[in-house]
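Trainee: just the structure for this:
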Amino acid sequence: MPKKVVIIGGVAGGASTAARLRRLDETAEIIILERGAYVSYANCGLPYYVGGVITDKEKLELMTPQKFLERFNIDVRINNEAISINRVEKQVTVKNQSSGEEYTLDYDVLVLSPGAEPIRPPFKGIDQVPVFTLRTIPDTFKMDDFISNNNPKSAVVVGGGFIGLEMAENLKERGLDVTVVELMDQVMITLDREMAQYVHYELYRHDINLVLGDGVDSFENNDSGRAVVITQSGNKIETDMIVLAIGVKPESQLARECDLELSPRGHIVVNKKMQTSDPNIYAVGDAVQVINFITEERVAVPLAGPANKQGRIAANNIAGEVEEYEGVLAAAVVKVFDITVAQVGLNEKQLKNTEIKYDKAYLHPMNHVGYYPGGNKLAIKLLFEKTDGKVLGAQVLGGDGAEKRIDVISTAIHFGGTVFDLEKLELTYAPPYGSAKDPVNMAGFIASNIVKGKMNSYHWHDVNELVGKGVFLFDVRRDDEFETSTIKGSVHISEFEMRQRLEELPKDETIYAFCQEGFRAYISQRNLRQRKFDVLNLNGGFKTYVMATSTQEELKEMVKNPPFRIIF
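Mentor: Below you'll find the model as predicted:
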C-alpha cells in the first residue's frame, strides 16, 4: 500500500476518496489540498440557501478540516492551491493562499478531484453588470448579500438546466420577478422536448418568464443604471441582477500542464479503475471522462452521485482492492416548484444517434390511488429495445414519488432488466404511497404489449401528418371531452357506445384511435382487433399530443384555462 496519498480538491470526489481510503488503510499519510476555504460542502443545496429554504450557514459545510483530522486523521489544508505537478519526481508544488508561501509535497499516489467551474463566456459588457454564478459557498453568500443589501426586483437567469431552474425557483421565492433565457428551444436539454413541455407549463404556472431559442448576445446598462440583457434576436430585458447557469467546464489545467491524457473537451481520461494515463495518478468527479453504462461511449456527467462512487472506487484500488467503475447512467432529479423531474439512462435524442432499435411508451398514472387525498398525476416516458424489451431509459415528472419510480427503473437498467421484468416487480403498496399496480408496473404492461404486438401504436409526432392524409381518426372519449377539444377531422364515438355502432367504423382502412391518456383507446383497440378491424392506438393519448405540440403561448393559455388535468 502507498505510504503517502495527496488529494487535490475536496467536496464529493476528493473527500469521499480520502474517507474511504482511511477506512481501508490506517497507516497511510493522507493530505487533501483545497484552494478554497471549504473542503466538503453541500453544493447541491446552495440554491436553497439563496431561496431561504436553508437558513443556517453552518449546515452548508458538511465536514470541516478539524473534523477530518479528529475522525479520520486526515490532514486537510484549506486555502492551499496545487499549482503544478512533477510526475517524474512525484511532487506537487503548493501555494498557501493566505501567506503566499510556496512549498512542495512528495506523493506515492496523487488523486485529482479539481471539479468543474461555471462557464462564463466573454459577453460584451459582462463586467459592467451584476453577474453571478453559483458553484461554491462564497458564491452563495455573495449572491445572498447582494439580494439582502440591494433589494433587487428582478433577475435574469441565463440557462435552463438544473442549476438554472433551481435558481429561478429560489429567486422567485425571494420575491423577484424572474426571466429564464435559454439558447435551446426547451429547458432541461437532457429531457426529450415533449417531456420538457411539462416543465415549461410548471414554470408558466409560477409566473416565470421564459425566453427559449434565443441566447444572450451582450449586456449593457441603460440610462437609468439598470442592467440590460440583449439576446441574439435583439430582445432587450431590463433586470437588477443576472445569474449565469449555462453549464460547467472541467478544471483540468493542472492535468494538461503535466501532460496527462485529456478528452477533446478537456476532461481527464481515466480507465475503469479511475487511473489517468499515469498509473500513479487517479482522477474523480466532474473533471473526468467516464463511460456510459448502456452505450459504453465516453461521456462526462457532472453529478454528485457518480463523483462519490468514483472516489470510493479510486480509494479501493489505491488500497489494493481491485474494483472497476462500470459507467454512468446519469440518474438525476430536480425540484421545479411543485413538481419533481427525474430521469435515468438514454433519452430519445441520444437513441436517435445510435444503431439501437428502440420504442417508447407514454402514460399518465396517479402517484398513488385516486381515492386517497392528495394524489397527483405523473407523466412517464419509458424507452426500450424493440426486439427484447431491454430498458434503456425513462423520464418521470409530476408529484411525490416521481423519483422513486426512476430509482426502480435505474435499478432495472443496472441489472439488464427488461420491460417484462417491470411488469413482474413486486413493489410496496398502501393508499398514501402508490397503487396495487404501481406506475412502474403499468409502464411495463404498456411496453410489454408493444413488444408483443398486442398494442400497435402511433405517436404524437405522427398526428399532423396523418391529419393531412385524411386517415380515419377515432376519438373514443366522453362527449364532454370531445366537445372541449379534439384532433381535427376526428370521428367521435364514445367507448361505451362503440359496440352498438360498429357499422360506422371502416373495415377496409386503418383506424387511428385515441383517448385522453391511452388506456381507453387501448381497450377499444383490443375489442376491435378481435372483430378484425385494423386499429392503432395513440401512445400516451390526446394529452401527450397536446402537451408536445403546443406553442409557448398556448401553454400560457392552458395555465389560465386547463383543457384537462395536466400532472398537478
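Trainee: these two touch, right, residue 344 and residue 411?
Mentor: No. Using C-beta atoms under 8 Å, residue 344 makes no contact with residue 411, being 9.4 Å away. In short, each C-beta sits where N, CA and C put it, glycine included.
Trainee: please identify which of the two sits among more neighbours.
Mentor: The residue with more neighbours, out of residue 344 and residue 411, is residue 344; 28 against 14, by other C-beta atoms under 10 Å.
Trainee: report pLDDT for the more buried one.
Mentor: Residue 344 is assigned a predicted lDDT (pLDDT) of 98.
Trainee: now swap in residue 105 and tell me
Mentor: pLDDT at residue 105 comes out at 97.
Trainee: which of the three states applies to it?
Mentor: Secondary structure state of residue 105, per DSSP: H, G, I helix; E, B strand; the rest coil, is strand.
Trainee: ok, it touching residue 91?
Mentor: Yes. Counting by C-beta under 8 Å, residue 105 touches residue 91, with 6.6 Å between them.
Trainee: center of this structure, which residue is that?
Mentor: Centroid-nearest residue in the chain, with C-alpha atoms, centre = their mean: residue 332, separated by 4.6 Å.
Trainee: isn't that residue up against residue 345?
Mentor: No. Between residue 332 and residue 345 there is no contact under C-beta under 8 Å: 10.6 Å.
Trainee: strands of the stretch 451-568 of the chain, start to end?
Mentor: 457-458, 472-475, 491-492, 511-514, 535-538 (DSSP state E, counting those that start in this stretch).
Trainee: the stretch 201-350 of the chain now?
Mentor: For the stretch 201-350 of the chain, the strands defined by DSSP E, counting those that start in this stretch occupy 209-212, 216-221, 227-231, 236-239, 242-244, 248-250, 268-269, 281-283, 288-291, 298-299, 332-336, 339-345.
Trainee: mind listing what residue 10 touches?
Mentor: 18, 32, 34, 38-40, 76, 113 (C-beta atoms under 8 Å, 6 or more residues apart in numbering).
Trainee: please apply the same query to residue 504.
Mentor: Residue 504 is in contact with 491, 493, counting by C-beta under 8 Å, 6+ apart.
Trainee: so how many other residues sit close to residue 480?
Mentor: 7.
Trainee: for it, report the pLDDT, please.
Mentor: In this model, residue 480 carries a pLDDT of 93.
Trainee: do you know how far it is from residue 162?
Mentor: 39 Å (C-beta to C-beta, to the nearest Å).
Trainee: what about the stretch 1-150 of the chain, any weak spots by pLDDT?
Mentor: For the stretch 1-150 of the chain, the stretches with pLDDT under 70 are 1.
Trainee: that one: strands as residue ranges?
Mentor: For the stretch 1-150 of the chain, the strands defined by DSSP E, counting those that start in this stretch cover 4-8, 29-34, 40-41, 61-63, 75-78, 80-86, 91-96, 102-106, 109-112, 116-118, 131-132.
Trainee: so for residue 298, which of those sits nearest?
Mentor: strand 116-118 (16.4 Å; C-beta to C-beta).
Trainee: and that closest one, how far from the chain's centre?
Mentor: Distance of strand 116-118 from its chain centroid, counting by C-alpha atoms, centre = their mean, to the nearest Å, is 17 Å.
Trainee: so what does that strand touch, helix or strand wise?
Mentor: Applying 3 or more C-beta pairs under 8 Å, 6 or more residues apart in numbering; DSSP states H and E, we find strand 116-118 packed against strand 248-250.
Trainee: what's the average pLDDT for the strand it packs on?
Mentor: pLDDT averaged over strand 248-250 gives 94.
Trainee: mind listing residues that contact it?
Mentor: With contact meaning C-beta under 8 Å, 6+ apart, strand 248-250 is reached by 114-119, 135, 265-268, 286-288, 300, 302.
Trainee: how close does residue 298 sit to residue 276?
Mentor: 14 Å.
Trainee: looking at the two, which one has more neighbours?
Mentor: For residue 298 versus residue 276, neighbours defined as other C-beta under 10 Å are more numerous around residue 276 (23 against 14).
Trainee: look up the pLDDT of the more buried one for me, please.
Mentor: Per-residue confidence at residue 276 stands at 98 (pLDDT).
Trainee: which residues does residue 52 contact?
Mentor: 170, 173-174.
Trainee: cool, and residue 563?
Mentor: Counting by C-beta under 8 Å, 6+ apart, residue 563 makes contact with 484-485, 546.
Trainee: and residue 532, by the same measure?
Mentor: Neighbouring residues of residue 532 by C-beta under 8 Å, 6+ apart: residue 507.
Trainee: hang on, the earlier thing: can you list the strands of the stretch 451-568 of the chain in JSON lines and add mean neighbour count, distance to residue 324 and mean pLDDT?
Mentor: What follows is the strands of the stretch 451-568 of the chain, written out as JSON lines (neighbours: other C-beta atoms under 10 Å; distance: least, C-beta to C-beta, whole Å; pLDDT from 0 to 100):
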{"stretch": "strand 457-458", "mean neighbour count": "20", "distance to residue 324": "39", "mean pLDDT": "97"}
{"stretch": "strand 472-475", "mean neighbour count": "22", "distance to residue 324": "52", "mean pLDDT": "98"}
{"stretch": "strand 491-492", "mean neighbour count": "15", "distance to residue 324": "58", "mean pLDDT": "97"}
{"stretch": "strand 511-514", "mean neighbour count": "26", "distance to residue 324": "47", "mean pLDDT": "98"}
{"stretch": "strand 535-538", "mean neighbour count": "26", "distance to residue 324": "43", "mean pLDDT": "98"}
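Trainee: just to revisit the earlier point, looking at the contacts of residue 10, state which has the most neighbours.
Mentor: Ranked by neighbour count (other C-beta under 10 Å), the contacts of residue 10 have residue 113 at the top, with 31 neighbours.
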